[in-house]
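# everything below, folded, please.
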Amino acid sequence: MRKSIFKFTIVISLVTLVTVLLLVAEPVKAGAWDKILNFLRGVPNASPGTTTVPQNTSPQAQVPLYKPTLDYEEAVIRAVESAAPSVVSIVISKDLPIIEQCPSNPFQDLPPEFRNFFGQGFGFQFYEPCQKGTKRQEVGGGTGFIVTTDGLILTNKHVVSDTKADYTVLTNDGKKYDAKVLARDPLQDLAVIKISALGLLPATLGNSDTIKLGQTAISIGNALGEFRNTVSVGVISGLSRDITASGADFGSESIQGVVQTDAAINPGNSGGPLLNLRGEVIGINTAIVAGAQNIGFAIPINQAKRDIESVKKTGAIKAAYLGVRYLMVSDEVAKKQKLSLDYGALVRGTEEGPAVVSGSPAAKAGLQAEDIILEVNGEKLDKGKTLGSVIQKYNIGDTVAVKVRRGDQMLTFTVKLEERPEG
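Residues are numbered from 1 along each chain as shown. Reported below is the predicted structural model:
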């Protein structure tokens, strides 16, 4: 018993001594109290400048989450602050008929003898809808973003598809401008509009070819046509998607090579920017999946850069043109059509017209229906690279080598691309 008391007394004395030495000699040294606690627990102290982690601490608990979380939030805030001044709301207005209930006589087309009989009305007054002039009303809204200091704005084609409507742009600082539609892309859901203003802040365009799955995506837009500058944050959840988008005012349209994101995109966000953490535009929000939870799609910004440059130079969107209708070959298509290849573009006509358009560059070069186009200038056509997306990379007047499978033959045609005809 005495030995135990003596040992305990020595331990207490040593603790007191260590405490005094630590507090006096190293009053600000990090980990001093950890050393004392470890001494009491019988745990050897780690090397200077480190802290011993108890063995039952989970690996997740050792990860310092708070500071990186703040860094991430700051990055999102900076990205939004840098891009928001370039984002605009687009208001769609139109003259709509004013319909009222007007007095009517449902018996006026009857023979006179019957009309006179029923004309008494039996004490009833009859009414039917009639138009009483028109009234200018807002019928929708969308989003866009400034791409030049003198007022060029990129948006979706379906936002400004109504040629009988008027469009008004509201900038981030609250100013209002009448907008003119300069060009609608014949192939993509893109359009360029113009406002009369100078000294505007254009958005910074990124490189959509570097987009990776899981990276942060930030959407800014005029959500529901009502909530301007609405910000949502998510990730890139898919790449190179092919979708068919539809709407009441513009029918359906096939859109290829779009980026999928779970950043919330709502009606009214169409035409707005999809940003990375540097505040660069990497996509143009264009469509959502009805009934799904946060599945939206954006056109990669690199597909829009040619449109912007074309409008700057010519005032219109001029696209290179091959002149074929085609079906992209996949595993499923190859099995169904009994094809020997599982990639490429099968040249085939549709209800809209023949496989090879008469007088087109493809027709002049000698391409035929049921040819399978495998490569353009050595670039292989597959699910991630459709024929349309590859041709868009070239300018009017460029000459390209088109590799084709025709039956059992491999052929290469030299095709000079021309300007796509209107309509």
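
# quick one: the helices in the stretch 301-423 of the chain?
Ranges of helices in the stretch 301-423 of the chain, per DSSP state H, counting those that start in this stretch, are 302-314, 331-337, 361-365, 387-391.

# please disregard the earlier target; I meant the chain.
Here the chain has its helices, by DSSP state H, at 2-25, 32-41, 66-83, 112-118, 302-314, 331-337, 361-365, 387-391.

# low-scoring stretches of the stretch 301-423 of the chain, by residue?
Applying pLDDT under 70 to the stretch 301-423 of the chain picks out residues 384, 422-423.

# what do you get if the cut-off is 90, keeping everything else the same?
The stretch 301-423 of the chain contains residues with pLDDT under 90 at 303, 306, 313-321, 327-342, 349-353, 382-396, 408, 419-423.

# one step back: just send the helices of the stretch 301-423 of the chain back as a markdown table, with mean neighbour count too.
Using the backbone N, CA and C atoms, a C-beta is placed for each residue, glycine as well. Converted to a markdown table, these look like this (neighbours: other CB atoms under 10 Å):
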| stretch | mean neighbour count |
| --- | --- |
| helix 302-314 | 18 |
| helix 331-337 | 12 |
| helix 361-365 | 20 |
| helix 387-391 | 20 |
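
# just put these in TSV and tack on distance to residue 171.
Putting these into TSV (distance: least, CB to CB, whole Å) gives the following:
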stretch	distance to residue 171
helix 302-314	19
helix 331-337	47
helix 361-365	42
helix 387-391	32
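
# what about the strands in the stretch 251-400 of the chain?
Counting by DSSP state E, counting those that start in this stretch, the stretch 251-400 of the chain has strands at residues 251-261, 273-275, 281-288, 296-300, 320-321, 326-328, 345-347, 372-376, 379-380, 399-406.

# most tightly packed of those?
Compared across the strands of the stretch 251-400 of the chain, strand 273-275 shows the largest average neighbour count, a mean of 31 (mean count of other CB atoms under 10 Å).

# contacts made by that strand with the rest, please.
Outside of strand 273-275, the residues within contact range by CB atoms under 8 Å, 6 or more residues apart in numbering are 79-80, 83, 86-87, 145, 203, 217-220, 259, 261, 263, 281-285, 298.

# and if you look at stretch 391-401?
Identification of contacts with stretch 391-401 by CB under 8 Å, 6+ apart yields 187-188, 303, 306, 318-322, 375-378, 412-419.

# could you rerun that using 10 Å?
Contact partners of stretch 391-401, identified using CB atoms under 10 Å, 6 or more residues apart in numbering, comprise 185, 187-188, 256-257, 302-303, 306-307, 309-310, 318-324, 361, 365, 375-379, 385-386, 390, 402, 412-420.

# residue 196 touches residue 175, doesn't it?
No. Contact criterion CB atoms under 10 Å: residue 196 and residue 175 do not qualify, at 11.2 Å.

# okay, how far is it across stretch 411-420, tip to tip?
Criterion CA to CA, to the nearest Å; first-to-last residue distance in stretch 411-420 is 25 Å.

# buried residues of that stretch, list them for me.
Of the residues in stretch 411-420, those buried by neighbour count under the rule 16 or more other CB atoms under 10 Å are 413, 415, 417-418, 420.

# look up how far residue 161 lies from residue 325.
Here residue 325 is placed at a distance of 23 Å from residue 161 (CB to CB, to the nearest Å).

# report the central residue of the chain.
Nearest to the mean C-alpha position of the chain, by CA atoms, centre = their mean, lies residue 298 at 2.1 Å.

# excluding its backbone neighbours, what's nearest that one?
Excluding its sequence neighbours, the residue lying closest to residue 298 (CB to CB, 6 or more residues apart in numbering) is residue 283, at 3.1 Å.

# if we can go back for a sec, output the strands of the stretch 251-400 of the chain in CSV, with distance to residue 127 appended to each entry.
Converted to CSV, the strands of the stretch 251-400 of the chain look like this (distance: least, CB to CB, whole Å):
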stretch, distance to residue 127
strand 251-261, 36
strand 273-275, 50
strand 281-288, 41
strand 296-300, 46
strand 320-321, 55
strand 326-328, 55
strand 345-347, 59
strand 372-376, 63
strand 379-380, 66
strand 399-406, 66
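
# between those, which one is nearest to residue 171?
Closest to residue 171 of these is strand 273-275 (CB to CB; 14.4 Å).

# pairing partners for the closest one, with directions?
Here strand 273-275 is paired, per DSSP bridges, with strand 216-223 (antiparallel), strand 281-288 (antiparallel).

# mind giving me the domain split of this protein?
Using automatic domain parsing, the domain ranges for the chain come out as 2-47, 86-195, 209-301, 320-419.

# which one, of those, ends up nearest to residue 70?
Among the domains of the chain, domain 209-301 comes nearest to residue 70, with 14.0 Å by CB to CB.

# distance from that closest one to the middle of the chain?
Distance, stretch centre to chain centre, for domain 209-301: 3 Å (CA atoms, centre = their mean, to the nearest Å).

# for stretch 137-152, same thing?
So, by CA atoms, centre = their mean, the centroid of stretch 137-152 is 16 Å from its chain's centroid.

# next: stretch 151-169.
The answer for stretch 151-169 is 17 Å, by CA atoms, centre = their mean.

# got the end-to-end distance for that stretch?
10 Å.

# stretch 277-294 too?
19 Å.

# any idea how far residue 162 is from residue 197?
Residue 162 is 23 Å from residue 197, by CB to CB.
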